[in-house]
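> build me a structure from this.
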Amino acid sequence: MVSSLQRWVVVLFLPLGFWFLLACNSDQANQKAGEERKSAPDAEAVLKDLNRRIAMNGSDATAYAERADWWLQRDRDLSVNTTDSGLAAAAEASPDQPREALRKAMADIKSALLLDTGNALFYCILGEIYTRIGLISEADDALRVAMARNPNLVRAYLRRGELALINRQYSVAFKYLNEALRRDKRLAEAYLLKGMAHLEQKDTTAARSAWLTAIEQDPRLYAAYLELGLREADPRLAHRYFSNVLEIRPGHAEALYARAMLLQGQGYPDSARQDYRALLQLNKSHRDALFNLAYLDLLEQKYDPALQGFDRVMALSAGDLPALANRGLCYEMMGRQAEASADYRECLRLQKGYPQALQGLNRLK
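This is a model prediction of the structure:
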């Protein structure tokens with residue numbers, strides 16, 4: 001799985017005494033979230049309006065910059081609705097092959113800067129695009145220019161703090177994030193990033209405190225709910241946090257998978273299946289969803305659908321050892337010993353000493 005540092009989402013911890021309040025207010029918060037989504041401007045309508053403004057006035061630098069920001073947000077959205085085995089459209093960006101949304105964002109911000117070379121915000125947006133592409137030195141240069149143009153541009157301090165965190169320069173990260181908060185004490189993302197810096201330094205108490213502050217400043221900060229759920233020992237609360245993420249961001253792939261795994265582990269296979277199937281609606285080749293659905297069928301002795309599921313996983317990768325070994329187990333439980341033995345032996349050919357295969361062959365003797 002992608003690490004928390006890589007995907008830039010962090011956890012929230014609520015201290016004792018606040019747990020009950022959050023649980024009781026969840027339905028109200030979910031209702032409010034739904035109302036806010038209904039009243040939010042349609043993203044595609046915003047893009048159409050920006051396209052119209054640029055078509056009418058090709059010298060509108062602000063419109064180019066706003067459209068660059070729009071594409072930047074689109075890239076973030078694509079990254080949210082995927083996992084390691086997720087959508088090709090949200091594959092990792094690189095300096096040589098940036099994602100389409102980032103290419104469009106870069107083209108637009110360069111157009112904006114050609115029209116207005118003195119706008120600090122434009123350089124800040126450029127720095128953010130460079131960051132997402134992975135051009136860290138170029139990003140830092142752009143953000144330095146932004147801060148020189150406008151020493152009070154909060155967004156530039158926030159992004160330089162993020163860059164320092166990427167580079168694991170924690171004291172530098174805290175310096176810039178604190179500078180951002182000095183200018184805007186309600187800046188939720190700054191607390192989020194401070195929490196991540198504390199986490200990277202193994203100070204979970206400070207991290208949780210920072211994340212609590214972040215969620216207080218922005219109750220719709222779904223990334224905090226996600227990280228809280230991933231670290232919560234109480235399955236009831238973890239389920240609530242994952243559900244909060246999905247209420248705010250329907251189709252959030254990682255939250256769907258995490259909730260499905262939680263439900264599966266707690267003995268609610270039908271509910272887990274619903275989330276795995278929702279993941280497959282997002283990405284029909286989601287390996288883990290396919291595997292876990294097949295495994296649930298195997299546990300319930302639904303052998304034919306289990307075989308079909310493991311076959312689908314094997315179609316994605318013929319060398320998938322867990323799928324191959326569990327397909328062998330499925331054959332074994334069906335009494336098809338020759339096929340079970342063949343799968344176990346193939347596992348051992350691919351990886352000598354693979355435990356599940358050795359155990360299976362021993363049972364077949």
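
> next one: the closest residue to Pro269 other than its chain neighbours, what pLDDT does it get?
Excluding the flanking residues, the one nearest Pro269 by C-beta to C-beta, 6 or more residues apart in numbering is Leu296, at 4.9 Å. C-beta here means a position set from N, CA and C on the backbone, and glycine is covered the same way. Note for Leu296: predicted pLDDT of 97.

> let me know the helix or strand that Leu296 is in.
helix 287-299 (DSSP states H and E).

> sorry, back to before: how close does the residue nearest to Pro269 sit to Asp275?
Leu296 sits 12 Å away from Asp275, going by C-beta to C-beta, to the nearest Å.

> so which of those two has more stuff around it?
For Leu296 and Asp275, the more surrounded residue by other C-beta atoms under 10 Å is Asp275, and the numbers stand at 23 against 20.

> quick one: residues contacting that one.
256-257, 259-260, 263 (C-beta atoms under 8 Å, 6 or more residues apart in numbering).

> one more: Pro322?
Contacts of Pro322 by C-beta under 8 Å, 6+ apart are 291, 356.

> that one in helix, strand or coil?
Here Pro322 is helix, with the state taken from DSSP: H, G, I helix; E, B strand; the rest coil.

> dump the helix holding Leu296 to CSV, keeping only the CA atoms.
C-alpha atoms of helix 287-299 as CSV (Å, rounded to 0.1, in the frame of the first residue of the first chain):
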residue,chain,number,x,y,z
ARG,A,287,-6.8,-7.1,-7.4
ASP,A,288,-7.5,-7.0,-3.7
ALA,A,289,-11.3,-6.6,-4.1
LEU,A,290,-11.3,-9.6,-6.5
PHE,A,291,-9.2,-11.7,-4.3
ASN,A,292,-11.2,-11.0,-1.1
LEU,A,293,-14.5,-11.7,-2.8
ALA,A,294,-13.2,-15.0,-3.9
TYR,A,295,-11.8,-15.7,-0.5
LEU,A,296,-15.2,-15.0,1.1
ASP,A,297,-16.8,-17.4,-1.3
LEU,A,298,-14.3,-20.0,-0.4
LEU,A,299,-14.9,-19.6,3.3
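
> what helices or strands is that helix leaning on?
helix 253-265, helix 269-282, helix 303-316, helix 321-334 (3 or more C-beta pairs under 8 Å, 6 or more residues apart in numbering; DSSP states H and E).

> can you pull the contacts of the residue nearest to Pro269?
Counted by C-beta under 8 Å, 6+ apart, Leu296 has contacts 264, 269, 272-273.

> kindly report the same for Leu221.
12, 188, 192, 214-215.

> now with 7 Å, please.
Applying C-beta atoms under 7 Å, 6 or more residues apart in numbering to Leu221 gives the contacts 188, 192, 214-215.

> would CSV of those residues with secondary structure and pLDDT be doable?
Below are those laid out as CSV (DSSP: H, G, I helix; E, B strand; the rest coil; pLDDT from 0 to 100):
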residue, secondary structure, pLDDT
Ala188, helix, 95
Leu192, helix, 90
Ala214, helix, 89
Ile215, helix, 88
